[in-house]
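Visitor: 3D, please:
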Amino acid sequence: MNTVKLTMAQALLRFLDAQYVSMDGEETKFVKGVMGIFGHGNVTGLGEALERSSSDLVYIQGKNEQGMVHAATAYAKQKNRLQIYACTSSIGPGALNMITAAATATVNRIPVLLLPGDNFACRQPDPVLQQIEIQADYTISATDPFKQVSKYWDRIVRPEQLMTAAVQAIRVLTDPAETGAVTLALPQDVQAETYDYPVSFFHKKVHYIERRPPVQDAIERAAALIASKKKPLLIAGGGVIYSNAMKELIEFASAFQIPVAETQAGKGSMHWNHPLSSGAIGVTGSLSANVLARDADVVIGIGTRYSDFTTSSKSAFQSEDVQFVNININSFDSGKMNAVAVTADAKEALKALQRSLEHLDYRSGYKEEVIANLKQTWDAEVDRLYAVELNEGLSQTRALGVINETLKPSDVVVCAAGSLPGDLHRLWRTAEPKTYHMEYGFSCMGYEISGAFGAALAEPSRDVYALVGDGSYLMLHSELVTSLQEGTKITVLLFNNHGFQCIHNLQRGHGSDGFGNEFRYRSGDTGRLTGSYMPIDFAANARSLGAKAYTAQTAEELRVCLELARKETVTTLVEIVVEPGTNTSGYESWWRVGVPAVSVSDKVNQAYQEMQTQITKVKPI
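Guide: Here you go, the predicted structure:
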């Protein structure tokens, strides 16, 4: 057997460089490169291997471990999970910084490979710098918490263990039903230890992502249920886009006159102006989609995991005889809502289900004008919100209207947290797939700028915009510097509304007078954060990092700033000053939160009673 002597780190890189995926006959190199921040736990191991590597792997220097993993996640999401970046950190705090982003990837079913440094496997120098010592179990280190947020986890304590662990890691990363964060913990001494690896371990390996066909019995059960119903509703989740099943979705909906609602991950599955597009579903949904959901007697979920925002905390579906059909590659998701489960690839399942329903000569009971009237009413409401003018200041919905009208249909918008996801889900008019990049599985603050950088790496021919609130910007904007370093332009549209206004609105909607959520000075009178707003100059902050920056306080100024930003060749920030509380809410939606059962406040007590009334409408599914 031919062998080659390599360190474990060198062998890992050589293995990753040889991995490919093939889907629908198109072959793609699976690992594009490595994002990393070096410390004593990885610089002389994996760092040396990267420095001396002759592979095609690209190295990108992160600025924050969480931020770089967000960027890698966004890259994989924009690539439809067919190409990834690995991420490496040192031990201790560097490793732990990646956990939030690891959870974000796993919740969203996005592949990302994490390579945190770890304690010495030999234990001779223990305790080393940044080591966590658990006296009751000395095998525990800072990498153990990754177990809770990873789809596969392993610790390589001998260099030859790499051969098993690496194969399993790639298996999970390339499995659309199981993918998410994968963690290989790399003790710093083992990274540098050698083994005579078989040369065959480094041969090119193609992993075939095969479309899972549906079982015919499942298709027939689903078709029989749908055929017995008159008011079906399709819910398009992220699985529609990952399966590239947009064409099949439209053909299916058109064949049977079924309206389509979209989740955050599924938005862009259908052109916003398609006659059967009813818009967003759930807590952040449109009036048209939520009315249809309320009255639906069968809901056909495609590639959705039915989060509480999609189901309005399971209150969205009010018909007494409503039933569910779920198409999902993951059986865990296809079985939700006590559904007739079709565990299969979305594209293949839709085609099979369409054939069965055509054989049954099925047609929904909707009259065309009913769907058209709902859509027309909602489109008029979006037009109204886009045109809202205040006596003073700029409303958030007006700002979004200007942006939506100014950006090109092919431009990509990236968002994750705050009040913007709700307004974007409801109001943003998508014309092309893969232009609406929302991380709302975890709704992780700080994803926006890192995610925009990752999306721009994935699609260099498109202009990419990070839509971010001032709260998320302050939490994590370090990869703005990385975008400048890499010459990868993103445009940051920063909505400055003086605080965490999304949660401020939420607490006031449930009896609070407002507490601890605005960026105000501490008042000498009240002893609380009730003083004047803090005058933070975000544009100046961006300029200090090397970006171009503009500020807009009116719709006209915003339009001008957007045009100027497009002409810039480097990362640019536009600070948009908007009035707090000018976001959208309502539209036949409800979200369950924990309201105190007793309070000294009459407003809180009233909010509790209103919550209890809403809970009675929840479907016990």
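
Visitor: going forward, measure contacts between C-alpha atoms and count neighbours the same way
Guide: Fine.

Visitor: what ranges of the protein fall below the confidence cut-off?
Guide: Counting by pLDDT under 70, the chain contains no low-confidence range.

Visitor: wait, residue 558 sits on residue 398?
Guide: No - checked against C-alpha atoms under 8 Å, the pair residue 558 and residue 398 is beyond contact range at 10.2 Å.

Visitor: what about residue 234, is that helix, strand or coil?
Guide: Secondary structure assignment for residue 234 (DSSP: H, G, I helix; E, B strand; the rest coil): strand.

Visitor: Quick one: distance of stretch 324-334 to the chain centre.
Guide: Mean C-alpha position of stretch 324-334 versus that of the full chain (C-alpha atoms, centre = their mean, to the nearest Å) differs by 19 Å.

Visitor: Buried residues, it. List them.
Guide: 324, 325, 326, 327, 328, 329, 330, 333, 334 (16 or more other C-alpha atoms under 10 Å).

Visitor: what does it contact?
Guide: With C-alpha atoms under 8 Å, 6 or more residues apart in numbering as the test, stretch 324-334 has contacts from 176-178, 212, 222, 239, 298-306, 335-346, 349.

Visitor: Now, the residues you listed that are in strands?
Guide: 298, 299, 300, 301, 302, 340, 341, 342, 343 (DSSP state E).

Visitor: ok, now which ones touch the residue positioned nearest the centre of the chain?
Guide: Residue closest to the mean C-alpha point of the chain, counted by C-alpha atoms, centre = their mean, is residue 439 at 2.2 Å. Residue 439 makes contacts with 108, 264, 265, 414, 415, 416, 417, 447, as judged by C-alpha under 8 Å, 6+ apart.

Visitor: Now flag whichever of those is closest to residue 544.
Guide: residue 447 (21.2 Å; C-alpha to C-alpha).

Visitor: roughly how far apart are the closest one and residue 225?
Guide: From residue 447 across to residue 225, the span is 40 Å (C-alpha to C-alpha, to the nearest Å).

Visitor: higher neighbour count, those two?
Guide: residue 447 (35 against 15; other C-alpha atoms under 10 Å).

Visitor: Residue 320 - how many residues pack around it?
Guide: 10.

Visitor: Doesn't it lie inside a strand?
Guide: No - the assignment for residue 320, made by three-state DSSP, is coil rather than a strand.

Visitor: show me what contacts it?
Guide: Counting by C-alpha under 8 Å, 6+ apart, the residues that residue 320 touches are residue 297.

Visitor: For the remainder of this discussion, apply numbering that starts at 801.
Guide: All set: I'll call the first residue 801, so the last point we hit is now residue 1120.

Visitor: State the distance from residue 1186 to residue 960.
Guide: According to C-alpha to C-alpha, residue 1186 stands 60 Å off from residue 960.

Visitor: Comparing those two, which shows the higher neighbour count?
Guide: Using other C-alpha under 10 Å, the more surrounded residue of residue 1186 and residue 960 is residue 1186, with 22 against 18.

Visitor: Could you pull up phi and psi at the more buried one?
Guide: phi -70, psi -20 (degrees, to the nearest 10).

Visitor: Was I right to think it contacts residue 1198?
Guide: Yes - using C-alpha under 8 Å, residue 1186 is in contact with residue 1198, at 4.5 Å.

Visitor: which one is residue 1332 nearest to, not counting chain neighbours?
Guide: Nearest non-adjacent residue to residue 1332, counting by C-alpha to C-alpha, 6 or more residues apart in numbering: residue 1320, 5.3 Å away.

Visitor: who's in contact with that neighbour?
Guide: Residues near residue 1320 by C-alpha under 8 Å, 6+ apart: 1298, 1329, 1330, 1331, 1332, 1333, 1334.

Visitor: swap in residue 1317?
Guide: Going by C-alpha under 8 Å, 6+ apart, residue 1317 touches 1299, 1300, 1301, 1303, 1304.

Visitor: For it, give its distance to residue 1307.
Guide: From residue 1317 to residue 1307 the distance is 9 Å (C-alpha to C-alpha).

Visitor: cool, and residue 964?
Guide: Taking C-alpha to C-alpha, one finds residue 964 at 50 Å from residue 1307.

Visitor: Among the two, which residue is more densely surrounded?
Guide: Higher neighbour count among residue 964 and residue 1307: residue 1307, with 18 against 11, using other C-alpha under 10 Å.

Visitor: Spit out the contact partners of residue 909.
Guide: Counted by C-alpha under 8 Å, 6+ apart, residue 909 has contacts 976, 978, 979, 980.

Visitor: Quick check: phi and psi on the nearest residue to the first one once chain neighbours are set aside?
Guide: Of all residues beyond its chain neighbours, the one nearest residue 976 is residue 1129 (7.1 Å), with distances taken as C-alpha to C-alpha, 6+ apart. Backbone torsions of residue 1129, given as degrees, to the nearest 10, read phi -70, psi -20.

Visitor: Next: residue 867.
Guide: Per degrees, to the nearest 10, the backbone of residue 867 is at phi -60, psi -40.

Visitor: Can you give me the separation between it and residue 1345?
Guide: 16 Å.

Visitor: who's more crowded, those two?
Guide: Applying other C-alpha under 10 Å to residue 867 and residue 1345 shows that residue 867 carries more neighbours, namely 29 against 12.

Visitor: Now do the closest residue to the more buried one other than its chain neighbours: how many residues are near it, please.
Guide: Among residues not flanking residue 867 along the chain, residue 1250 sits closest, at 5.4 Å (C-alpha to C-alpha, 6+ apart). Around residue 1250 there are 33 other residues, counting by other C-alpha under 10 Å.

Visitor: before we move on, what about the one 10 residues further on?
Guide: The burial metric for residue 1260, expressed as a neighbour count using other C-alpha under 10 Å, is 11.

Visitor: which residues does it contact?
Guide: For residue 1260, the contact set (C-alpha under 8 Å, 6+ apart) comprises residue 1288.

Visitor: again with residue 839
Guide: Neighbouring residues of residue 839 by C-alpha under 8 Å, 6+ apart: 889, 890, 891.

Visitor: That one: which element?
Guide: In this assignment (DSSP states H and E), residue 839 forms part of neither any helix nor any strand.

Visitor: For residue 952, see how far away the residue nearest to residue 976 is.
Guide: Plainly put, residue 1129 is 18 Å away from residue 952 if you go by C-alpha to C-alpha.

Visitor: Equivalent analysis for residue 1282, please.
Guide: 29 Å.

Visitor: Over to residue 1125?
Guide: Residue 1125 is 30 Å from residue 952, by C-alpha to C-alpha.

Visitor: Might one say that residue 1143 is in contact with residue 1014?
Guide: Yes - when contacts are counted by C-alpha under 8 Å, residue 1143 is listed as touching residue 1014 (6.4 Å).

Visitor: Between the two, which has more neighbouring residues?
Guide: Between residue 1143 and residue 1014, counted using other C-alpha under 10 Å, the more crowded position is residue 1143 (25 against 22).

Visitor: Just give the nearest non-adjacent residue to residue 1396, would you?
Guide: For residue 1396, ignoring the flanking residues on the chain, the nearest one in space by C-alpha to C-alpha, 6+ apart is residue 1408 at 6.5 Å.

Visitor: Shouldn't the one you found be within a helix?
Guide: Yes - membership of residue 1408 in a helix is supported by three-state DSSP.

Visitor: If anything else comes up later, I'll come back, but that's it for now.
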